[in-house]
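**Q** Quick one, structure for this:
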Amino acid sequence: MVNTRTNTDLSAAIQNALQALLPQIRKEICEEFRNALAWWKAYKQAKGGDAWLFTVTWADFKKLFFL
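**A** I've put the predicted structure just below:
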């Protein structure tokens, strides 16, 4: 038999925990995106900027991101 009852105390505790963690999660996600963007800009510049980007092959591009 499937238990369809919910534990309101547990649900409330989970909701409170998520609400407490969301600001930190958002901050960390934003920081990761900033780090990735900074890395990409520096890498692209080191390789020759937009000129390199227009001439890079798909195989080389895949190696950067898909290993």
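**Q** For the protein, give the helix that spans the most residues.
**A** Longest helix in the chain, counting residues (DSSP state H): helix 8-47.
**Q** Need the residues that contact the next helix or strand after it.
**A** Note on helix 8-47: by DSSP states H and E, the next helix or strand toward the C-terminus is helix 50-55. Defining contact as CB atoms under 8 Å, 6 or more residues apart in numbering, one finds that helix 50-55 is touched by 44, 47. All C-beta spots, glycine's among them, are computed from the backbone N, C-alpha and C.
**Q** With just CA atoms, put helix 50-55 into CSV.
**A** What follows is helix 50-55, C-alpha atoms only, in CSV (Å, rounded to 0.1, in the frame of the first residue of the first chain):
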residue,chain,number,x,y,z
ASP,A,50,37.7,36.9,-31.8
ALA,A,51,40.0,36.0,-34.8
TRP,A,52,40.8,32.7,-33.1
LEU,A,53,37.2,32.1,-32.2
PHE,A,54,36.1,32.5,-35.8
THR,A,55,38.7,30.0,-37.0
